[in-house]
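Visitor: pasted the sequence and its predicted model underneath.
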Amino acid sequence: MQAICRTGLIGAIGIIVLCLMLTSCGKTKGPPQGGTPEVAVVVMKTERFPIITENPGRTSACLIAEVRPQVSGIIQKRLFVEGSDVNAGDILYQIDPATYEAAYAAAGAALARAEANVVSVRNRAERYKELVTVNAVSRQERDDVVAALKQAEAEVEANKATTEAARINLAYTSVKSPISGRIGKSNVTVGALVTANQPSALAVVQQLDPIYVDATKSSVNLLQLKGHIAAGTIKGTGPGQAKAKLMLEDGKPYPLEGTLKFSDITVDPSTGSYILRTVFPNPKHILLPGMYVRALIQEGVVEQAILVPQQGVSRDPKGNPFVLIVDAEDKVQQRAITVARAVGDRWNVPSGLAPGDRVIVEGMQKVRPGVSVKVVPFEPGQKTGPVAGKSDQLPAKMN
């Protein structure tokens, strides 16, 4: 009897446990508990930002002078330190002047002799002028004396020119720097024989401040830019107004800003690119000719652009960009957009959005089109990780 009671008690307990399990399972399948999902949005507005392109380029000296001798002779002295700065007019080399000094002295003596002869002939011509009036000498003799005077004066002028040429050649024995800049290595040593206007330079002087940066740019990009300017979506900048910055070979920005000087009028047929020349101040000679750099050139300005935080832009399976916006009834809508270029941590959106649209930046994973949401303003400071979507700042910096 006791066994039967114990068995009944165990069965009753089992039924109670089974009922509790079924009740628990039924509760897990019920409707979820929670309110309206919350999303953070950025309100779109138009902004002004510059169109900045990054182009590879190389530096080149603003002025280059190859120093060559203009007279022949033996190098007596080298009067500069290789790699130093020189000024225009500084003597770089001294050529043996002995033969040129002698030639200058001889030319001076010939000039003095010609000038002395002019005095004698002029006095005789003055006397013949008076004598011909009283028929003391013939008119032919008078004409001969006048002709002799003109010949003597011409010889004086010729000797002056010869003397000046000798003086110039003597001055050329001091080989001077034609420009101010930094001089490189010397290609000759003391004792070397040089000839006038020889093909090889004695040294090269380059002006490094300011310095040119010749950047290459695709002609396709030029056509696109001109099309946008013609359509009015981009406002162009003139050569004197366009600004530029540099990124050096080590990835660091160059501290000084340059300006666009001109764009070449010829496209290289082998590469399909043309040259953009910019000018940069280089007072500390950080930039040297031939360095590889990346030029960031401002080519235009978009006056009324809509910039969307990149974290708010998604793509469909076909790769087309879209955003989720919140309409006037606080419901989510999907909006297809087009993106033109990255501006810092935002996308420039030429079409698909208008000022006043509320784009969802955070909470997109919790919603879908047609769902009602609770809207809160996007506050980047509260999010750990990459920050995007500051609608009140313009991150389109050139460095």
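Guide: That came in fine, so what should we check first?
Visitor: check which helix or strand Gln298 maps to.
Guide: strand 292-309 (DSSP states H and E).
Visitor: so Thr162, which of the three states?
Guide: Here Thr162 takes the helix state, with states given by DSSP: H, G, I helix; E, B strand; the rest coil.
Visitor: how far away is it from Glu155?
Guide: Here Thr162 is placed at a distance of 10 Å from Glu155 (CB to CB, to the nearest Å). Bear in mind the C-beta positions are built from the backbone N, C-alpha and C, glycine included.
Visitor: same check on Arg113?
Guide: 9 Å.
Visitor: which of the two has more neighbours?
Guide: Neighbour totals were compared for Arg113 and Glu155, and Glu155 leads with 17 against 13 (other CB atoms under 10 Å).
Visitor: tell me the centre residue of this protein?
Guide: Nearest to the geometric centre of the chain sits Thr278, at 4.0 Å (CA atoms, centre = their mean).
Visitor: hmm, back to that, would you mark the buried spots in the strand holding Gln298?
Guide: Across strand 292-309, burial judged by 16 or more other CB atoms under 10 Å covers 293-300, 302, 305-309.
Visitor: bridging residues for the residue nearest to the centre of the chain?
Guide: Val213, Leu260 (DSSP bridges).
Visitor: state the pLDDT value of it.
Guide: In this prediction, Thr278 carries a pLDDT score of 88.
Visitor: give me every residue that touches it.
Guide: Residues near Thr278 by CB atoms under 8 Å, 6 or more residues apart in numbering: Tyr212, Val213, Ala215, Ala244, Gly258, Thr259, Leu260, Lys261, Ala295, Ile297.
Visitor: and it, how far is that from Asp250?
Guide: Distance, Thr278 to Asp250, using CB to CB: 20 Å.
Visitor: where's Val39 relative to Phe322, distance?
Guide: On the measure of CB to CB, Val39 and Phe322 end up 16 Å apart.
Visitor: quick one: which of these two has more around it?
Guide: Set Val39 next to Phe322 and count neighbours by other CB under 10 Å: Val39 wins out with 25 against 14.
Visitor: my guess is the more buried one meets Val326, correct?
Guide: Yes. The criterion here is CB atoms under 8 Å, and Val39 meets it with Val326 at 6.9 Å.
Visitor: common neighbours of the two, please.
Guide: Counting by CB under 8 Å, 6+ apart, the shared contacts of Val39 and Val326 are Val332, Ile360, Val373, Val375.
Visitor: is it fair to say the first one lies in a strand?
Guide: Yes. Read with three-state DSSP, Val332 is one of the residues of a strand.
Visitor: assumed Ala107 was part of a helix.
Guide: Yes. Ala107: assigned to a helix according to three-state DSSP.
Visitor: quick one: pLDDT of it?
Guide: At Ala107, pLDDT is 95.
Visitor: what comes up buried for the host helix or strand of Ala154?
Guide: Taking DSSP H and E as the criterion, Ala154 maps to helix 139-172. For helix 139-172, burial by neighbour count (16+ other CB under 10 Å) applies to 142, 145, 148-149, 152-153, 155-156, 159-160, 162-163, 166, 169-170, 172.
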